[in-house]
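Student: A structural model of the following input is requested.
(chains A and B)
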Number of protein chains: 2
Amino acid sequence: MKNVKVAGVGLTKFGELWDKTLFDLATDAAMEAINDSGLTINQIEATFVGNMIYGRLSGQDHLGAAIATQAGIKGAGFRVEGACASGGLAVHLAVQSLLSGTYKNVLVVGVEKMTDASISEVTSALMGAGSDAERKAGLTFPGLYALMAKAHMQKYGTTRKHLASVSVKNHYHASLNSKAQFPFEITEEKVLNSPCICSPLSLFDTSPITDGAAALVLTSDTGKPGVYITGSAVATDTVDLASRKSLTEIAGSKEASQKALKQAGIEVKDIKVAEVHDCFTIAEIMAMEDLGFCGEGEGGKYVHSGTTKLGGKLPVNTSGGLKACGHPVGATGVKQIVEITEQLRKTSGKRQVDGANVGLTQNVGGTGGTVVVHILQT
Amino acid sequence: MKNVKVAGVGLTKFGELWDKTLFDLATDAAMEAINDSGLTINQIEATFVGNMIYGRLSGQDHLGAAIATQAGIKGAGFRVEGACASGGLAVHLAVQSLLSGTYKNVLVVGVEKMTDASISEVTSALMGAGSDAERKAGLTFPGLYALMAKAHMQKYGTTRKHLASVSVKNHYHASLNSKAQFPFEITEEKVLNSPCICSPLSLFDTSPITDGAAALVLTSDTGKPGVYITGSAVATDTVDLASRKSLTEIAGSKEASQKALKQAGIEVKDIKVAEVHDCFTIAEIMAMEDLGFCGEGEGGKYVHSGTTKLGGKLPVNTSGGLKACGHPVGATGVKQIVEITEQLRKTSGKRQVDGANVGLTQNVGGTGGTVVVHILQT
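Tutor: Just a heads-up that it's a prediction; the model follows:
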């Protein structure tokens, strides 16, 4: 399956961007992606917007039409939402629209503007990804992922040092990425001594609140060589954690990745680089297991061993991940594909993974209610 | 193009349904559609949810996964939002996913639960479909459509009696529809004497606040005869009215309908029955013109003549439309296709249009920022 090509990519700086509106960010990323594609704006037939919470924070919905028209793009417009997997879902549906033959060139924009609102407004809006029972219980996402972390530690002996190694690695990668919100290194000691957010997760186990946008131009014109989306799969599960059979896995990651690998006709051992959804450090450890990069319960040791650091066998989150590059929730799933595209184009500079020809992205909504996996290949 | 079939339809009662949750409504409609399709729940591979404002009103987003899993459906889940065109957009993207070959059987659920919230909460949430400038100016949708109505009256001599004829006709149709929120007839005098909402629009020129859900099972298994979606097109325009070149047309309706007719390989004269977006009476009058059913400026006289009443040449809004069947915003675009499917199946009972073999739906987001047009044929 080499029917959908990534023709162009665009990415804004991630961070506290108080001088930019959501529309500024979306347009900046979109124009960069369109310019990169070599297409003209009039050749874009549809705009897929991945966004989770802007309506809640600002009052503005209807972002498919709003972003497309403000950027001067004609044709169809859609907003796709699936919590923090909104960006990945937007890519998946954009891929369908190309495979269907309805559109030939489409734009995907993932965007979020979070830092203008208060922490309580953002926290409340983000809990839209959970369930009524979780909201009523006063749970927040740090609390939910802390439950998963506790269970993983008890069942498999995962330690706080294992968790910290995710953060240390991703900050190292971000230190090589000028677009990252936190482009600096941190030590294991700093993570372990940072304020407790919800035991066992501390401040440096958690991804930040971020403004940013990422964009892709996808095309069914596959005449020239390039980076192709060869697998695109979505799985769902209950949005509430308590209804799941296990706290120590995200079943949707297994389901979506197996489907995507099958579509691409490859095996997990073929993956050379991956961007995964490290909203909390425990999430990256579970992702390593659920995606089949290591065995069940071995994720902590696997990351701690350095295998997933640049220079290791399978670099993961070379962008810095959600933890250190930042997590503008609706943009994250799109940004992951921008990073992998650059890796496969060999344009990642200091973050370049040698021999990167196959990459994977994993984008999670909530605690795993939605999971989107993409496979990219040259 | 007969590649996508409507295999099953489901529709709840529309109205003030205080004994039902959003999930009850979505599940009721979904199960009815799945049962109607003859498929089993395990054959459904993806769930597309059209919903606009439930996150704003209740705190719950992530409805693709939430509705699918609560209904016991596995596979992918998506929420699609484009203001009051959310339902139509969900259908459009579901069609793409089938045409792409990725999925064979999918569920579309349009749902909204509006009457549990206060009028001010609902009004505020609905203004998410407009622009910042419109919100800051204190405009609401009755105000925006009143501007369009005033302009239409001044330019073309459209009268309040013309407007009222839309409402009288649609209430008559609703009086034959047990699912309608207002299943009773009203007189022209009643419309003209009802309280002014925003001049020239009075209470009976406006659609109500409604709870309800509509569902479709769509399939690419086209082995047996049935009702097919043969055209599906989306157009966008600025979300703010002031940036448009004209107040007396919705350009996106023209663009989307021309595309959809071309896909279906038919002409507008072939349409035998239509469901259009009569959020306000002026909207149905403009729809008649924009869709090409009558000439520019003639919409008022066209509706007033009785041509679009049951028994007339082209019955429009046989369900009762948004005005009298009700307008649960995310559900409306899906409900329109349920109504046309039943017409084409010849199962509409007292509302049956003789010889209905080609139907059209037009679903509008905001004042025309998004327009979705579908063509259905036997």
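Student: check contacts around the closest residue to chain B within the stretch 251-378 of chain A.
Tutor: Chain B sits closest to residue A:369 of the stretch 251-378 of chain A, with a gap of 3.8 Å, by Cβ to the nearest Cβ. Every residue, glycine included, has its C-beta placed from N, CA and C. Shown in contact with residue A:369 (Cβ atoms under 8 Å, 6 or more residues apart in numbering or on different chains): A:82, A:83, A:129, A:236, A:237, A:238, A:239, A:252, B:62, B:65, B:66, B:69.
Student: among the residues you listed, which lie within helices?
Tutor: A:252, B:65, B:66, B:69 (DSSP state H).
Student: Throw those into JSON lines and include pLDDT, thanks.
Tutor: Shown next, in JSON lines, are those (pLDDT from 0 to 100):
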{"residue": "A:252", "pLDDT": "98"}
{"residue": "B:65", "pLDDT": "98"}
{"residue": "B:66", "pLDDT": "97"}
{"residue": "B:69", "pLDDT": "96"}
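Student: which of those lies at the shortest distance from residue B:305?
Tutor: Lowest distance from residue B:305 to the ones in helices among the contacts of residue A:369 (Cβ to Cβ) belongs to residue B:66, with 46.4 Å.
Student: can you tell me the closest non-neighbouring residue to the closest one?
Tutor: Using Cβ to Cβ, 6 or more residues apart in numbering or on different chains and skipping the chain neighbours, the partner closest in space to residue B:66 is residue A:239 (4.8 Å).
Student: would you format the ones in helices among the contacts of residue A:369 as JSON lines with distance to residue B:313 and neighbour count included?
Tutor: As requested, the ones in helices among the contacts of residue A:369 are exported to JSON lines (distance: Cβ to Cβ, whole Å; neighbours: other Cβ atoms under 10 Å in any protein chain shown):
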{"residue": "A:252", "distance to residue B:313": "52", "neighbour count": "28"}
{"residue": "B:65", "distance to residue B:313": "45", "neighbour count": "32"}
{"residue": "B:66", "distance to residue B:313": "44", "neighbour count": "32"}
{"residue": "B:69", "distance to residue B:313": "46", "neighbour count": "19"}
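Student: work out for me the element the nearest residue to residue A:159 once chain neighbours are set aside sits within.
Tutor: Once flanking residues are discounted, residue A:159 sits nearest to residue A:300: 6.5 Å by Cβ to Cβ, 6+ apart. Residue A:300 belongs to helix A:299-304 when assigned by DSSP states H and E.
Student: then the following helix or strand past that helix to CSV, C-alphas only?
Tutor: Helices and strands here follow DSSP H and E; after helix A:299-304, the next one along the chain is helix A:321-324. What follows is helix A:321-324, C-alpha atoms only, in CSV (Å, rounded to 0.1, in the frame of the first residue of the first chain):
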residue,chain,number,x,y,z
GLY,A,321,7.9,13.6,22.6
LEU,A,322,4.9,15.0,24.4
LYS,A,323,7.0,15.4,27.5
ALA,A,324,9.7,17.8,26.2
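Student: starting at the chain centroid, how far to helix A:321-324?
Tutor: Remark: helix A:321-324 is offset 9 Å from the chain centroid, using Cα atoms, centre = their mean, to the nearest Å.
Student: cool, stretch A:281-295 as well?
Tutor: 15 Å.
Student: what average pLDDT does that stretch get?
Tutor: Averaging pLDDT along stretch A:281-295 gives 98.
Student: how about it: buried residues?
Tutor: Neighbour-count burial for stretch A:281-295, counted by 16 or more other Cβ atoms under 10 Å in any protein chain shown, picks out A:281-294.
Student: isn't residue A:181 up against residue A:210?
Tutor: Yes. Judged on Cβ atoms under 8 Å, residue A:181 makes contact with residue A:210 at a distance of 5.5 Å.
Student: which neighbours do the two share?
Tutor: A:14, A:15, A:16, A:326.
Student: please report phi then psi for the first one.
Tutor: Taking degrees, to the nearest 10, you get phi -100, psi 140 for the backbone angles of residue A:14.
Student: pLDDT weak spots in chain A?
Tutor: Chain A contains residues with pLDDT under 70 at A:1.
Student: tell me where it has strands.
Tutor: Using DSSP state E, the strands found in chain A span residues A:4-11, A:46-50, A:76-81, A:105-112, A:196-198, A:201-202, A:212-219, A:227-236, A:273-275, A:358-365, A:370-377.
Student: does residue A:87 touch residue A:364 like I think?
Tutor: No. Using Cβ under 8 Å, residue A:87 makes no contact with residue A:364, being 11.1 Å away.
Student: between these two, which one's more packed in?
Tutor: Per other Cβ atoms under 10 Å in any protein chain shown, whichever of residue A:87 and residue A:364 has more neighbours is residue A:87, with 37 against 32.
Student: for the closest residue to that one other than its chain neighbours, grab the count of nearby residues.
Tutor: Leaving out its chain neighbours, the residue that sits closest to residue A:87 by Cβ to Cβ, 6+ apart is residue A:333, at 2.9 Å. Other residues near residue A:333 come to 33 when the count uses other Cβ under 10 Å.
Student: what distance do you get for residue A:333 to residue A:364?
Tutor: 9 Å (Cβ to Cβ, to the nearest Å).
Student: what touches both of the two?
Tutor: Common neighbours of residue A:333 and residue A:364 (Cβ under 8 Å, 6+ apart) are A:84, A:85.
Student: the closest residue to residue A:190 other than its chain neighbours and residue A:197, how far apart?
Tutor: Excluding the flanking residues, the one nearest residue A:190 by Cβ to Cβ, 6+ apart is residue A:204, at 6.4 Å. Here the criterion is Cβ to Cβ. By it, residue A:204 lies 9 Å from residue A:197.
Student: try residue A:322
Tutor: Taking Cβ to Cβ as the measure, residue A:322 falls 15 Å from residue A:197.
Student: so which bits of the stretch 251-378 of chain A are right by chain B?
Tutor: Residues of the stretch 251-378 of chain A lying near chain B by Cβ under 8 Å from any Cβ of the partner chain: A:365, A:366, A:369, A:370.
Student: farthest pair in the residues you listed?
Tutor: A:366 and A:370 (6.9 Å).
Student: more crowded one of those two?
Tutor: With neighbours defined as other Cβ under 10 Å, residue A:366 and residue A:370 compare such that residue A:370 has more, 34 against 31.
Student: contact partners for the more buried one?
Tutor: A:82-83, A:85, A:89, A:234-237, A:252, A:364, B:62, B:64-65, B:77.
Student: out of those, which is nearest to residue B:112?
Tutor: Set against residue B:112, the nearest of those by Cβ to Cβ is residue B:64 (15.2 Å).
Student: the closest one and residue B:77 touch, don't they?
Tutor: Yes. Between residue B:64 and residue B:77 there is a contact at 3.2 Å, judged by Cβ under 8 Å.
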